[in-house]
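A.B. asks: Pasted the sequence and its predicted model underneath.
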Amino acid sequence: MKKILFSLFLLGNVSTCFSQEYLDQIAKKSCECVERISATTKSETLSAEFGVCIIQSFTNDDKEKFQKDFGLSFKNILKDGEKIGSIIGTNMATQCPSTLVKLTATAKENTGKVAGVVTKIETDFFVVFSIKENNG
């Protein structure tokens, strides 16, 4: 009985190790795609391009495994996209940290500045600042 339980325990651990292997492959493919993003890309499109890189890195089998493991669907990307990106982005940090550092540096370089008075702050889904610029 102990041998059977021990065998089942080992089998469970092995399947967990292999199940994480596909995430590493997705992260590597995503890293390769992100490296091709131009340093002159505007910050408005940078996160969209990053997301496209992640989604394109999934095969159909990977999508099925991912949905089974995490309960997140690619059919409703507006709802689950941020969570999917967060999971893959975390794996990317271990696979290609220098690429992510370069990407964040690009994002910082492309941010703009606005001067004015904050007239309203909304915190429904995103935090939105309404600003009245000095020139009206």
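C.D. replies: That came in fine, so what should we check first?

A.B. asks: Leu23 belongs to a helix, doesn't it?
C.D. replies: Yes: the assignment for Leu23 is a helix, going by DSSP: H, G, I helix; E, B strand; the rest coil.

A.B. asks: Next up, the contacts around it.
C.D. replies: Neighbouring residues of Leu23 by C-beta atoms under 8 Å, 6 or more residues apart in numbering: Phe66, Ile87, Ile88, Asn91. Every C-beta, even on glycine, is put in place using the N, C-alpha and C of the backbone.

A.B. asks: Which residue, neighbours along the chain excluded, lies closest to Thr94?
C.D. replies: Ala27 (7.4 Å; C-beta to C-beta, 6 or more residues apart in numbering).

A.B. asks: What distance do you get for that neighbour to Asp124?
C.D. replies: 32 Å (C-beta to C-beta, to the nearest Å).

A.B. asks: And for Ile131?
C.D. replies: According to C-beta to C-beta, Ile131 stands 17 Å off from Asp124.

A.B. asks: quick one: which of the two has more around it?
C.D. replies: Neighbours were counted for Ile131 and for Asp124 using other C-beta atoms under 10 Å; Ile131 has more, 12 against 6.
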